[in-house]
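S.K.: next input, structure requested:
(one chain, ligands or ions: 1)
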Amino acid sequence: MNYDYLIAGAGFAGCVLAERLASILNKKVLLVERRDHIAGNAYDYYDDNGVLIHKYGAHIFHTNHEDVWQYVNKFSQWNNYKHKVLVSVDGKLVTIPINLNTVNTLLNKRFNEAQLIEYFNSVRSVDLEIKNSRDVIVSQVGEYLYELIFKNYTFKHWGVYPEDLMPEVTRRIPVRFNDNEVYFSDIHQGLPVEGYTKLFKRMLENKNITILVNTDFKDAERIFKFKHLIFTGAIDYFFDYIHGRLPYRSLRFEFERHNRQYFQEAAVVNYPNDHVFTRIIEAKHMTQQVCPVTTIAREYPTNEGEPFYPMPMTYAHDIYRKYELEAMKLNGVYFVGRLAEYRYYDMDMVIKRALDVFKVIAGA
Ligand SMILES: Cc1cc2nc3c(=O)[nH]c(=O)nc-3n(C[C@H](O)[C@H](O)[C@H](O)COP(=O)(O)OP(=O)(O)OC[C@H]3O[C@@H](n4cnc5c(N)ncnc54)[C@H](O)[C@@H]3O)c2cc1C
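M.R.: Got it, this is the predicted structure:
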């Protein structure tokens with residue numbers, strides 16, 4: 001069989017392109033995936049306790065892109081979950097992003113919104129030239145809250161202090177002056193009612209798409225005939241590490257069953273200053289599944305294992321640029337997604353990117 005497209009990687013990048021090419025352009029697609037399942041890092045499944053869990057960490061969908069929202073609604077209904085994250089500091093559970101209640105609880109104050117702004121103005125470093133992730137936080141909320149909430153958490157998560165990370169990492173986290181507890185500000189938020197894996201299955205239900213799991217791209221490339229290639233795996237692997245390995249941070253998950261409805265108050269509780277793990281995830285809050293038991297996951301950051309987070313450090317991006325130049329020399333090969341482009345994409349942004357690449361391919 002001759003394929004029009006070989007697509008490596010069955011995460012959002014690969015699957016959106018497979019779906020579009022097969023259904024809109026009637027192309028024959030071979031989709032190969034190294035792991036034993038589709039859905040990439042958004043993969044979810046029912047564990048032995050019957051609880052729907054996210055294998056690779058909490059995945060909450062949120063977007064302001066209407067086209068992306070329309071697209072994902074073709075394949076699933078969505079629940080109305082609004083993400084909430086708590087942080088455990090000094091024996092207190094407070095909301096993150098920092099808001100009015102966070103500051104009032106931690107400082108034992110009764111500020112209103114205007115007084116909170118006044119407080120921040122009195123402690124933040126106004127004239128600081130923003131060079132790294134620490135500067136972003138200190139320039140907004142001052143040294144005390146930075147030390148209490150961000151410094152150690154960031155060190156545990158990345159293995160380096162915020163001073164050594166690019167400003168983008170902490171720029172993603174807003175500061176609120178009111179008591180809004182919702183983590184994301186996007187118009188559309190939620191989770192697929194039947195889970196992400198089911199959503200992916202629906203996307204790929206097409207006679208033009210052949211799926212092979214447990215199959216590495218380099219094996220598929222040797223065996224099958226195809227005209228074009230879309231690669232969503234790691235770009236340094238594609239080029240046999242000729243410019244060295246790109247560094248990634250990963251996570252190890254420890255799952256634990258509890259014989260009660262809920263273990264904690266929110267889907268995510270961060271532990272910046274206690275424990276080796278960074279946070280505890282309880283997926284049931286997000287999936288809104290009703291069942292008598294629950295499963296939690298403790299997250300332990302590590303340099304081993306699945307490549308999750310591209311390191312937001314200048315030296316790493318300098319290595320990536322060498323691979324990007326190699327990629328530009330190739331014709332008919334598209335590098336799409338977080339591993340192939342060495343950048344952190346939220347799900348909506350990687351879908352948007354895949355839809356844009358499709359438009360280029362389709363000549364639209
Ligand atoms: C812990 C964690 C939490 C996250 N939470 C959120 C969230 O709450 N909200 C949000 O919007 N985003 C979240 N994300 C980001 C989200 O996971 C990404 O946007 C999404 O996974 C990107 O899709 P992708 O297709 O680029 O990559 P992936 O989903 O990683 O898919 C790439 C696939 O390619 C496969 N592959 C790699 N190499 C090869 C090869 N050589 N041959 C064949 N297959 C290969 C991989 O096994 C993988 O399945 C989170 C990410 C992590 C790590």
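S.K.: which single residue of the stretch 101-250 of the chain ends up nearest the ligand?
M.R.: residue 233 (2.6 Å; CB to the nearest ligand atom). Any C-beta I mention is one placed from the backbone N, CA and C, and that applies to glycine too.
S.K.: do I have it right that that residue meets residue 336?
M.R.: No - in this structure, residue 233 is not within contact of residue 336 by CB atoms under 8 Å, at 10.4 Å.
S.K.: picking up where we left off before, and the residue of the stretch 101-250 of the chain closest to the ligand, how many neighbours?
M.R.: For residue 233, the neighbour count with other CB atoms under 10 Å is 23.
S.K.: just the element for it, please.
M.R.: Applying DSSP states H and E as the criterion places residue 233 outside every helix and strand.
S.K.: try residue 128
M.R.: Per DSSP H and E, residue 128 falls between elements, in no helix or strand.
S.K.: burial measure for it, as a count.
M.R.: Using other CB under 10 Å, residue 128 is surrounded by 13 other residues.
S.K.: that one is in contact with residue 138, isn't it?
M.R.: Yes - counting by CB under 8 Å, residue 128 touches residue 138, with 6.5 Å between them.
S.K.: counting by contacts, list what the longest strand along the chain packs against.
M.R.: Using DSSP state E to define each element, the chain has its longest strand at strand 248-258. Judged by 3 or more CB pairs under 8 Å, 6 or more residues apart in numbering; DSSP states H and E, the packing partners of strand 248-258 are strand 294-302, strand 309-310.
S.K.: and stretch 334-353, which residues are buried?
M.R.: In terms of neighbour count (16 or more other CB atoms under 10 Å), stretch 334-353 has its buried residues at 334-343, 345-353.
S.K.: phi, psi for residue 337 please.
M.R.: When quoted as degrees, to the nearest 10, the phi and psi of residue 337 stand at phi 110, psi 180.
S.K.: that one and residue 13 touch, don't they?
M.R.: Yes - counting by CB under 8 Å, residue 337 does reach residue 13; the two are 3.1 Å apart.
S.K.: shared neighbours, those two?
M.R.: Shared contacts of residue 337 and residue 13, defined by CB atoms under 8 Å, 6 or more residues apart in numbering, comprise 232, 350, 353, 354.
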